[in-house]
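Peer 1: let me see the structure of the following:
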Amino acid sequence: MGIIGQYGDIFTMTWEMMGFENFSLALFEDDTIIQLINDKVGEIVLSMFRNMSELDNVKALWYSDDIAYTNGLMVSPDTLEKYFFPWLKKIGEIARQTKKPLIYHSDGILFDVMERLIECGINTLHPIEPKAMDIVEVKKRFGDRISLIGNIDVDLLARGTKDEIRKNVLFNIENVGFNGGYCVGSGNSIPEYVNLDNYITMIETAKSFSY
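Peer 2: Next up is the predicted model:
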């Protein structure tokens, strides 16, 4: 067993501090303030990953930063290239140097930047949001280079039946985890309204298949 060292949101905190409308206007008019915020937040978060990576009990690193939603990227790839990918690459380098796998979380559809994410050093992608990306397609296109976590829809966990949960879990194991590289999990964080019995069903189904 080991600890997963997690933090993130360099890109997210940058635009949240300004508000997305002001952030968007600044991209067009003058991005000086964006660069200042991004650099400051980036250095703080990067130092956290350096510190976490040096702990022996930390066996993996997890960086979270939403850059997309169900219909596309939040900003252009060029904008991500300027404010997001340089930091992800630095975190990826820390993971590589300390020989710890790097898990990356972002909601939404990521196909347009998947190659870039892999280049930055991610080893695992979470959560493969069901409404955004077909996990079987993700596995087919990128499964030889990264592993996958998640994809069991939160809405299904909240309102679905146990039988539906079982079918979803078994489908993913059989079609995505047939040669390894898949970890069963939800398609996002588990909120309080998720049905506890459904959540337990997801776990127990995964365990029963493994045995």
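Peer 1: quick check: I128 is in a helix.
Peer 2: No. Counting by DSSP: H, G, I helix; E, B strand; the rest coil, I128 is not part of a helix but coil.
Peer 1: how is this protein divided into domains?
Peer 2: 1-126, 149-211 (automatic domain parsing).
Peer 1: tell me the mean pLDDT for the last one?
Peer 2: Averaging pLDDT along domain 149-211 yields 92.
Peer 1: residue ranges of the helices in this protein, please?
Peer 2: 10-18, 20-29, 32-53, 77-83, 85-97, 114-119, 135-142, 154-159, 162-176, 196-210 (DSSP state H).
Peer 1: these: which one's closest to Y63?
Peer 2: Closest of the helices of the chain to Y63 is helix 85-97, at 5.3 Å (criterion: C-beta to C-beta). For glycine as for every other residue, the C-beta is placed from the backbone atoms N, C-alpha and C.
Peer 1: relative to helix 10-18, how tilted is the closest one?
Peer 2: 140 degrees (axes from the mean of the first three to the mean of the last three C-alpha atoms, to 10 degrees).
Peer 1: so what secondary structure elements neighbour helix 85-97?
Peer 2: For helix 85-97, the helices and strands in contact under the criterion 3 or more C-beta pairs under 8 Å, 6 or more residues apart in numbering; DSSP states H and E are helix 32-53, strand 58-64, strand 102-105, helix 114-119.
Peer 1: try it again at 10 Å.
Peer 2: If you count contacts as 3 or more C-beta pairs under 10 Å, 6 or more residues apart in numbering; DSSP states H and E, helix 85-97 packs onto strand 3-8, helix 10-18, helix 32-53, strand 58-64, helix 77-83, strand 102-105, helix 114-119.
Peer 1: count the residues that sit near the nearest residue to I165 once chain neighbours are set aside.
Peer 2: Among residues not flanking I165 along the chain, T201 sits closest, at 4.6 Å (C-beta to C-beta, 6 or more residues apart in numbering). By the criterion of other C-beta atoms under 10 Å, T201 has 20 neighbours.
Peer 1: residues touching T201, list them.
Peer 2: L157, G160, T161, K162, D163, E164, I165, R166, V169, N195 (C-beta atoms under 10 Å, 6 or more residues apart in numbering).
Peer 1: what about 8 Å?
Peer 2: K162, I165, R166 (C-beta atoms under 8 Å, 6 or more residues apart in numbering).
Peer 1: same check, this time on D66
Peer 2: By C-beta under 8 Å, 6+ apart, the contact list for D66 reads T12, M74, H105, S106, D107, G108.
Peer 1: isn't the fourth one up against D65?
Peer 2: When you say that, I think you mean S106. Yes. S106 lies in contact with D65 (C-beta atoms under 8 Å); the separation is 6.3 Å.
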